[in-house]
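Colleague: Provided below are the primary sequence and the corresponding predicted coordinates.
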Amino acid sequence: MAASAPPRVNRIGLPILEYRGGKTTLCAGCGHNAISERILEAFFDLGIPPERVAKLSGIGCSSKSPAYFMGRSHAFNAVHGRMPSVATGAALANRTLVPLGVSGDGDTASIGIGQFVHLVRRNLPMIYVIEDNGVYGLTKGQFSATADVGSRLKTGTVNELPPIDTCALAIQLGATFVGRSFSGDKKQLSAMLKAAIAHRGTSVLDVVSPCVTFNDHEGSTKSYAYMKDHDAPLQELSFVPSYEDISVEYDPGTTTDVTMHDGSHLRLRKLEAGYDPSDRARAVARLMETARTGEVLTGVLFVDPDAPSFVETLGMVDAPLATLPEDRVRPPRAALDEIVEALR
Amino acid sequence: MAASAPPRVNRIGLPILEYRGGKTTLCAGCGHNAISERILEAFFDLGIPPERVAKLSGIGCSSKSPAYFMGRSHAFNAVHGRMPSVATGAALANRTLVPLGVSGDGDTASIGIGQFVHLVRRNLPMIYVIEDNGVYGLTKGQFSATADVGSRLKTGTVNELPPIDTCALAIQLGATFVGRSFSGDKKQLSAMLKAAIAHRGTSVLDVVSPCVTFNDHEGSTKSYAYMKDHDAPLQELSFVPSYEDISVEYDPGTTTDVTMHDGSHLRLRKLEAGYDPSDRARAVARLMETARTGEVLTGVLFVDPDAPSFVETLGMVDAPLATLPEDRVRPPRAALDEIVEALR
Amino acid sequence: MPSTDTHSPDAPSRPAARGPVVNDFSIQVATANGSGSQSSNTVLLRAIFQMGVPVSGKNLFPSNIAGLPTWYTVRASKDGFIARKKEIDVLVAMNPETAREDVLALGPGAVVVYDAPLALSEVRQDLVFYPVPFDRIVEPLTSDPKLRRLLRNMAYVGVLARLLAIDMGEVEAAIGKQFAKKAKARELNVAAARAGFGHAAAIEKKDPFTVRRMDATRGKIIVDGNSACAIGAMFAGVTVVTWYPITPSSSLVESLAGYLRRYRVGPDGKATYAVVQAEDELAAVGMAIGAGWAGARAMTATAGPGISLMSEFAGLGYYAEIPAVIFDVQRVGPSTGLPTRTAQGDVLSTAFLSHGDTQHVLLFPGTVEECFTMAIDAFDLAERLQTPVFVLTDLDLGMNVWMADPFPYPARPLDRGKVLSKADLERLGGFARYRDVDGDGIGWRTLPGTDHPRAAYFTRGTGHDETSAYSESPAVFERNMERLARKLETARSLVPAPEAHGTGKARVGILAYGSSHPAVVEARVQLERERGLETDYLRVRGYPFAREVHAFVERHERVYVVEQNRDAQLAALLQLDLAPELAPRLRRIAHVHGLPLDARSVTDEILTLEAR
Amino acid sequence: MPSTDTHSPDAPSRPAARGPVVNDFSIQVATANGSGSQSSNTVLLRAIFQMGVPVSGKNLFPSNIAGLPTWYTVRASKDGFIARKKEIDVLVAMNPETAREDVLALGPGAVVVYDAPLALSEVRQDLVFYPVPFDRIVEPLTSDPKLRRLLRNMAYVGVLARLLAIDMGEVEAAIGKQFAKKAKARELNVAAARAGFGHAAAIEKKDPFTVRRMDATRGKIIVDGNSACAIGAMFAGVTVVTWYPITPSSSLVESLAGYLRRYRVGPDGKATYAVVQAEDELAAVGMAIGAGWAGARAMTATAGPGISLMSEFAGLGYYAEIPAVIFDVQRVGPSTGLPTRTAQGDVLSTAFLSHGDTQHVLLFPGTVEECFTMAIDAFDLAERLQTPVFVLTDLDLGMNVWMADPFPYPARPLDRGKVLSKADLERLGGFARYRDVDGDGIGWRTLPGTDHPRAAYFTRGTGHDETSAYSESPAVFERNMERLARKLETARSLVPAPEAHGTGKARVGILAYGSSHPAVVEARVQLERERGLETDYLRVRGYPFAREVHAFVERHERVYVVEQNRDAQLAALLQLDLAPELAPRLRRIAHVHGLPLDARSVTDEILTLEAR
Ligand SMILES: Cc1ncc(C[n+]2csc(CCOP(=O)(O)OP(=O)(O)O)c2C)c(N)n1
Ligand SMILES: Cc1ncc(C[n+]2csc(CCOP(=O)(O)OP(=O)(O)O)c2C)c(N)n1
Ligand code: SF4
Ligand code: SF4
Ligand SMILES: [Mg+2]
Ligand SMILES: [Mg+2]
């Protein structure tokens, strides 16, 4: 169970050490480091072999972080803002991989918003984590497109453009799993990551992750302090993997039980009465209200566990395309003869 | 008044001929041609000197159309999907221009969605017309990102990805004037264009404009036939320019009168009771419903006439930057001395 | 009319009209696009082809969908010349908009078949005019005016059949093939052709041009280069295809998608491939790179503007060493340029595509057969060299139809390059992704998902050492860059070798590539026949250049580099690669105007330069 | 440690420690980034500068925000040499992570000032070691541990002041300047410096290095190239600035924004400019192109990856002929490469940036003065030539600080190029946008908003005739492309002329550009002094190359082209431009490892090649 302390080795007999990566070069206290921890724990807890995971990222402090966890997983640190396309190619080449995208708010909402939008539309099977600090950390703290109106840089510069709410945007565009969390909320983030891993299509997780060097001061809306005051969790999350039987009782009145496509269960104990994570239109409307209220809604914002993913839409074979034997990818001589005949 | 037939010469003494352009090379019956007509009429009716208008476009049949109206206006047919950035530069260089962007659904929603999103956030003062036929006309009819789920090409190919509703997207991102119309709806489109011209910031107009060659058949959701059946106007529009006194009476119960920033009036006689074009969240929610119902909501979807535009946000001088005299753009010798002194 | 709108000073030469001119002339049909003339022209071309006469067709179409002027040229050549012929011998004038201009552009003695109402016979005295009342001819066939407009086009095929002695049986066979699945349309079109044929019986033949059966096309096929690339890609075992529509590359992917649906979907209805229409070219190439990284045979196809947009990813592919195949069906640039006209203008910028010290491998198919074979080579090379490979074709090669020998079934199995399996890793205990263990500059890679604790490595566009660990060390960086340069050296011997023509003893050499080939072949004959100038010819097929290319320049006093761009781009690459002493031997014949290269222009320019 | 991590075979030479070595040595400070050493190093540099001694500083920092090793080198040179000095004479070892490595990399006789706990003196016998207990020294100054870590850095400045006889008055003055607005910080830092100075009194001096007042820096300023470009751009009257943050170009725009706020906002609080942080580089350059089209003086600044993303728009700018200025502060590529290291690797790909036959104008500032003047030239050229102009600087020039003469106030008024006003149009009655009325290949343009019925024209990236009407005519296309080529010829005489050094009589020439300049200047002296090899030197400042560049090659038997990339990119452009007979004279000295070029490497390589 997400909450309970991880055993010394997981169900496939690996110690957590095997899920660790290189030493971080990020600033001490950077939210991204905490997220790395949650990610590797989630894969450890679920006993997913690291070899099955493909880590994908763009450019930024956040996008560097895959080097600092799960060193036994292949990784591709690509170019700025275009990770979704790389992830799409990788996921199609080998549908048996678990693609994990790690991006930043600049990488996703500024330069990358175009690819993000189209990724979401395709419902590519992947986990897409946005480590959201409202600034470009790696280039020393300029505003990104998720910076809130009125938020202030250390330099005094104030942001006047409306932020892109990547979650509202994703839900509106048809995303099938959308959540928001906070790098400081261990329990919520862990459960959400596990549900994301279990999800069939694209899971968009926007995780507020303070930049201690450039955006953790008074006047920032992505600081630890701000989150302490404004974090408004919609539900209390718990995740029951498919291989565990659903021991824990729950009250359908206060708790929604979402059966994920792989048979696991996501349990949402309502904290905001009336919030329904299966109602797209109202989810978007509710998120848009927060522009006024300043609260940061966290939790599972929307989920549709059974929508077909892109590989299903494309009707691909179950085996990885990458390693299909020659006789399955090169048609026989007869085929060429037929083609040539038609051209005479 | 929009509806009444245009006089032989307009208020600045120009005949409509002076608002015409080159002979169209688009297919006979193409919706884009009708939109060109509405655009030039609107500028003619409002008596705006063509020299003040800058036509901007990307690439596509739609993006070609600026060559076929208002030959007395400068035009820039740029590259595919990146017109918003070109428009931004032009609008900043000369804020006294009326930038008119003409794009297609592929140009805007497929390759161009990234620049579109950021354009909208900035509320750049410009009119942005999307000539929306759900396909790439100029490349012979592939689906664009606005094609509806289940819509079918002549070839039989069916679209399975959720469409991008450019209007819902724009409203959600903070757009200040958003409307949807139909190339076949003279009256509605004309009034909407005039209001857009009068608007202070970005006006996003998504105009369904059937492609008679590649997407006007049974099974298309962007055909003339489909629009005949599914066009659901939210209001009956009329526009009263600032220089006309508001003669016509109206009933506040059934009609909303929006005073545009330039003093002109946009009048919306409600056809769908309870639709409020000043309520962002509900506008988006209402548009999202149509994904189920299949109806095409047309009319003014959202308007906030007084939001500051990008040039105001930037605090620019009133005169065009492009033609400021040397003494206003090259600081005096004393300034250089001061700078140099600080570097000693 | 475009095909002579280029400034050729001298009026085109033509055999004096004494005696028949057999199987050696060109027909140009001038219509408006979207008027359905395309099928008529295909029928015309096929009918001649079926008579065993070598034939070629060039479509000159505008960048719009309907209503603008378009020209289609069919050339019959007993000698098997298939380049564009500059001189038009027979004009079929159906388009009022361009008729006069088209007629004025003809050389003396040419033939004009025209729609009678156009009354063109007054325009010039030195031509042979055949007015034809097309409306009257098709009137009886149908009452539907839209259909009539289409049938007029098939009627001119009938008229030409009569005038040029093209076998009506072959015409009807060709119509049958064209409308295979549409019986009704077939009937109507046959009727229209017959009506034209019938009408023309009354015409008194005043020109020398005629078709006579020969046996030069037996067993051959007719295909466009884009389809050939598509077929090649399918037999190369492509698994991930990403694209964004752009002329003239769209039909490559559309044809590929069709073939894949037919031949790569299992009985269970499941596809052994994925075709994705991306949101733009950055995404298309990004997907191809991602797929190549994960082990797929991945490709994308585009044209100039797309290539420019792919720059950043191209650099990543080069530096992170990721296989991918990129087809660039070249059109006229810069910028949007002339989207429906042909050029070879992306050579230089693609060779150096992306910032920093980036260099790429290029392939240059020169025939439709090579579009097929090099598509296969490209995937093998991309995986062997672990780098993006660019296949540069062009609109002429890609969208026009060409005669060809049937494509050979691939002899070699797929070369998947240096990939370490789980078993390998168990044997080796581990690996270093970028270590040059074989001395060819190419390291060994593992695929994501390989079930071994040491299989993983961290792919990045930032500085890295042999183990792909992040490094800012100057020495490490420099060593890695030297290895990458070594890898490109390795490529010299792996790209398709150049093709040599001639005795090898001539003092003058010609160097060309891609769709310039047929014009150069014909020009060499003209030079020999008309001026007795013997030439050797080397057709370059890949970059970095094979050693033979250097040797060719060494063996010739003067080497004319013929290409279809303004800046002599291949000559530039060559100059940078050759021993500097050889550079003075190069002479540039480089022009771009959008029309396929013709032999006469090449011949004339070589002679002018030789005269210097 | 990076600065010798390049494979230099021979151990660096150093004068035997007999007698003092005055004003001719380098100090390297090794710390971790984010530890605040930057201000200490600036103070150190300034103090020496204020003593009238020529000085230069190089910052070698990692691509991360805090905690990784970083090195700062301060060089004092009585001869005014400001290139990076390969040999380190005095090492200040503050970073435990790299201390041993750093010490091992030193040449014999070097000095090591180190944090006592690191106990480095055992590492080698052939060096001079000065252990300093920095913690103890700063302990009394504050109880705040965070502050203490910062003050340790100012303490080593004090220690060095004592050891090298740097005037403490100047140190304190420099601290005052550094912390001008922070009295508290100033006091603390002065105290720290004094504490270090005081402590060092007890150290017995065992090395020859010392600073002595001279008068070689009077009136000079210290500035980084990015700020110089920014100041230039402001005085060029830039009105629209668009950008997307990227190292090492960010500080150019950030500094520009600061100056604009100060000097270009009117009393009414309104700005005579717009600065826009775009969503990416495609948008940044698109905005610049749009603004340039509409008549603004528009610019953007970026680095390699951004340049790649700008390819498509660059081609549009070239073909539609739109003025814009693009600063490329080069860093090490390919791909993301080494983002915080310097290179000259974008030259070739930028010259041919975009598909089709596209060519661009490039400027190469070689000093911070030229960063200022060429920024101004660039805007004039862009509008004069109606094309994008690329200013290629690099990280070394752009982010390191340099001594310079005060910038001259621009003598010439702005050149806004060929623009027709309403009055002109009334006089002329009309115009044709792309007609070459002046024979220089440059047409006349009008600005949107010009109040005349004939002012408008339709700008497009598609084929167009002189009136900018759409055209697919082969002849029209070819003529237009020839005019564009002519325009680039015109540019030869307009770009900044090359700068000649030497008597002009030498048989050996050196050709270089940009930040390679100081190393070449010093290398020429080394060649002369050490081997009596006289050289002439031409510094190229623009592309297309001025005639003088050709003449220089004609006048020399051998010409060494020195540059900081792998593929000898400028040499390549030169080879393509020179008469082919001259090509064999070029010899390439091209390396990239991310460190600023040093004279010794150039000298050694020239001598090796001369020996051949
Ligand atoms: C094409 C390109 N443009 C600009 C950059 C410079 N750059 C590196 S990281 C970054 C922004 C990163 O911001 P974000 O994604 O929020 O990541 P963070 O550092 O905040 O975690 C930028 C602009 C780049 N690497 N590539
Ligand atoms: C970079 C680039 N990629 C692809 C193309 C080819 N292309 C031209 S128009 C077009 C799509 C146009 O679709 P849309 O914007 O909907 O305009 P429509 O023709 O439907 O009016 C494409 C893909 C191009 N011109 N440039
Ligand atoms: S700069 Fe900010 S985002 Fe980057 S590592 Fe440091 S704290 Fe994290
Ligand atoms: S193809 Fe379609 S969009 Fe293009 S002009 Fe024709 S009808 Fe209009
Ligand atoms: Mg960020
Ligand atoms: Mg469209």
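Modeller: Looks like it came in fine. Ligands and ions are numbered 1, 2, ... in the order given.

Colleague: Which residue, neighbours along the chain excluded, lies closest to the closest residue to chain A within the stretch 401-550 of chain C?
Modeller: Taking Cβ to the nearest Cβ as the measure, the point where the stretch 401-550 of chain C comes nearest chain A is residue C:448, at 3.7 Å. Backbone N, C-alpha and C define where each C-beta goes, glycine included. Spatial nearest neighbour of residue C:448, excluding adjacent residues (Cβ to Cβ, 6 or more residues apart in numbering or on different chains): residue A:74 at 3.7 Å.

Colleague: Where does the prediction get shaky in the chain?
Modeller: Let's take chain A. A:1-7 (pLDDT under 70).

Colleague: you looked at the wrong chain, it should be chain C
Modeller: For chain C, counting by pLDDT under 70, the residues that fall below are C:1-18.

Colleague: Residue A:42 against residue A:190, yeah?
Modeller: Yes. The criterion here is Cβ atoms under 8 Å, and residue A:42 meets it with residue A:190 at 5.8 Å.

Colleague: for the residue nearest the centre of chain C, what are its contacts?
Modeller: The residue lying closest to the centre of chain C (Cα atoms, centre = their mean) is residue C:397, at 1.8 Å. Shown in contact with residue C:397 (Cβ atoms under 8 Å, 6 or more residues apart in numbering or on different chains): C:225, C:342, C:365, C:366, C:367, C:368, C:371, C:514, C:515.

Colleague: which one among those residues gets closest to ligand 6?
Modeller: residue C:342 (26.1 Å; Cβ to the ion).

Colleague: bridging residues for that closest one?
Modeller: residue C:331 (DSSP bridges).

Colleague: In contact with it, which residues are there?
Modeller: C:248, C:330-332, C:394-397, C:515, C:564, C:594-596.

Colleague: Distance to residue B:173 and secondary structure added to these, as JSON lines?
Modeller: Formatted as JSON lines, the contacts of residue C:342 follow (distance: Cβ to Cβ, whole Å; DSSP: H, G, I helix; E, B strand; the rest coil):
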{"residue": "C:248", "distance to residue B:173": "36", "secondary structure": "coil"}
{"residue": "C:330", "distance to residue B:173": "38", "secondary structure": "strand"}
{"residue": "C:331", "distance to residue B:173": "35", "secondary structure": "strand"}
{"residue": "C:332", "distance to residue B:173": "38", "secondary structure": "strand"}
{"residue": "C:394", "distance to residue B:173": "41", "secondary structure": "strand"}
{"residue": "C:395", "distance to residue B:173": "39", "secondary structure": "helix"}
{"residue": "C:396", "distance to residue B:173": "45", "secondary structure": "helix"}
{"residue": "C:397", "distance to residue B:173": "45", "secondary structure": "helix"}
{"residue": "C:515", "distance to residue B:173": "47", "secondary structure": "helix"}
{"residue": "C:564", "distance to residue B:173": "45", "secondary structure": "coil"}
{"residue": "C:594", "distance to residue B:173": "42", "secondary structure": "coil"}
{"residue": "C:595", "distance to residue B:173": "47", "secondary structure": "coil"}
{"residue": "C:596", "distance to residue B:173": "48", "secondary structure": "coil"}
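
Colleague: Which of those residues are buried? Put it as a PyMOL command.
Modeller: Selection of buried members from these for PyMOL, criterion 16 or more other Cβ atoms under 10 Å in any protein chain shown:
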select buried, chain C and resi 248+330+331+332+394+395+396+397+515+564+594+595+596
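
Colleague: you'd agree residue C:334 is up against residue D:353?
Modeller: No. Using Cβ under 8 Å, residue C:334 is not in contact with residue D:353, being 10.3 Å away.

Colleague: all strands for chain A, in order.
Modeller: Using DSSP state E, the strands of chain A run over residues A:53-57, A:74-77, A:98-104, A:126-132, A:135-136, A:142-143, A:177-182, A:202-208, A:231-233, A:235-240, A:255-259, A:265-270, A:296-303.

Colleague: Distance to ligand 3 and mean neighbour count added to the ones you listed, as JSON lines?
Modeller: Listed next are the strands of chain A as JSON lines, based on distance: least, Cβ to the nearest ligand atom, whole Å; neighbours: other Cβ atoms under 10 Å in any protein chain shown:
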{"stretch": "strand A:53-57", "distance to ligand 3": "13", "mean neighbour count": "28"}
{"stretch": "strand A:74-77", "distance to ligand 3": "15", "mean neighbour count": "28"}
{"stretch": "strand A:98-104", "distance to ligand 3": "8", "mean neighbour count": "28"}
{"stretch": "strand A:126-132", "distance to ligand 3": "8", "mean neighbour count": "29"}
{"stretch": "strand A:135-136", "distance to ligand 3": "7", "mean neighbour count": "29"}
{"stretch": "strand A:142-143", "distance to ligand 3": "12", "mean neighbour count": "24"}
{"stretch": "strand A:177-182", "distance to ligand 3": "15", "mean neighbour count": "29"}
{"stretch": "strand A:202-208", "distance to ligand 3": "12", "mean neighbour count": "29"}
{"stretch": "strand A:231-233", "distance to ligand 3": "19", "mean neighbour count": "17"}
{"stretch": "strand A:235-240", "distance to ligand 3": "25", "mean neighbour count": "23"}
{"stretch": "strand A:255-259", "distance to ligand 3": "32", "mean neighbour count": "16"}
{"stretch": "strand A:265-270", "distance to ligand 3": "29", "mean neighbour count": "20"}
{"stretch": "strand A:296-303", "distance to ligand 3": "18", "mean neighbour count": "25"}
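
Colleague: right, so of the ones you listed, which gets closest to ligand 6?
Modeller: strand A:202-208 (25.9 Å).

Colleague: Please enumerate the helices of the stretch 1-150 of chain A.
Modeller: Secondary structure of the stretch 1-150 of chain A (DSSP state H, counting those that start in this stretch): helices located at A:31-46, A:61-64, A:83-93, A:105, A:113-122.

Colleague: one step back: list residues touching both of residue C:334 and residue D:353?
Modeller: Counting by Cβ under 8 Å, 6+ apart, the shared contacts of residue C:334 and residue D:353 are residue D:315.

Colleague: out of the two, which sits in the busier spot?
Modeller: Per other Cβ atoms under 10 Å in any protein chain shown, whichever of residue C:334 and residue D:353 has more neighbours is residue D:353, with 32 against 27.

Colleague: Show me what residue of the stretch 351-500 of chain C gets nearest to ligand 5.
Modeller: Distance from ligand 5 to each residue of the stretch 351-500 of chain C (Cβ to the ion) is smallest for residue C:462, at 18.0 Å.

Colleague: Number of residues surrounding that residue?
Modeller: 21.

Colleague: contacting residues for the spatially closest residue to residue A:299 that is not a sequence neighbour?
Modeller: Counting by Cβ to Cβ, 6+ apart, the nearest residue to residue A:299 once its immediate chain neighbours are dropped is residue A:234, at 3.6 Å. Going by Cβ under 8 Å, 6+ apart, residue A:234 touches A:268, A:270, A:271, A:272, A:275, A:277, A:297, A:298, A:299, A:300, A:301.

Colleague: okay, the residues you listed in TSV with distance to residue C:152 next?
Modeller: Formatted as TSV, these follow (distance: Cβ to Cβ, whole Å):
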residue	distance to residue C:152
A:268	69
A:270	72
A:271	75
A:272	71
A:275	67
A:277	63
A:297	67
A:298	69
A:299	68
A:300	65
A:301	62
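
Colleague: which one of these is nearest ligand 1?
Modeller: Of all the contacts of residue A:234, ligand 1 sits closest to residue A:298, with 19.1 Å by Cβ to the nearest ligand atom.

Colleague: ok, back up a step: how far away is the residue nearest to the centre of chain C from ligand 1?
Modeller: Using Cβ to the nearest ligand atom, to the nearest Å, residue C:397 is found at 34 Å from ligand 1.

Colleague: do residue C:84 as well
Modeller: From residue C:84 to ligand 1 the distance is 42 Å (Cβ to the nearest ligand atom).
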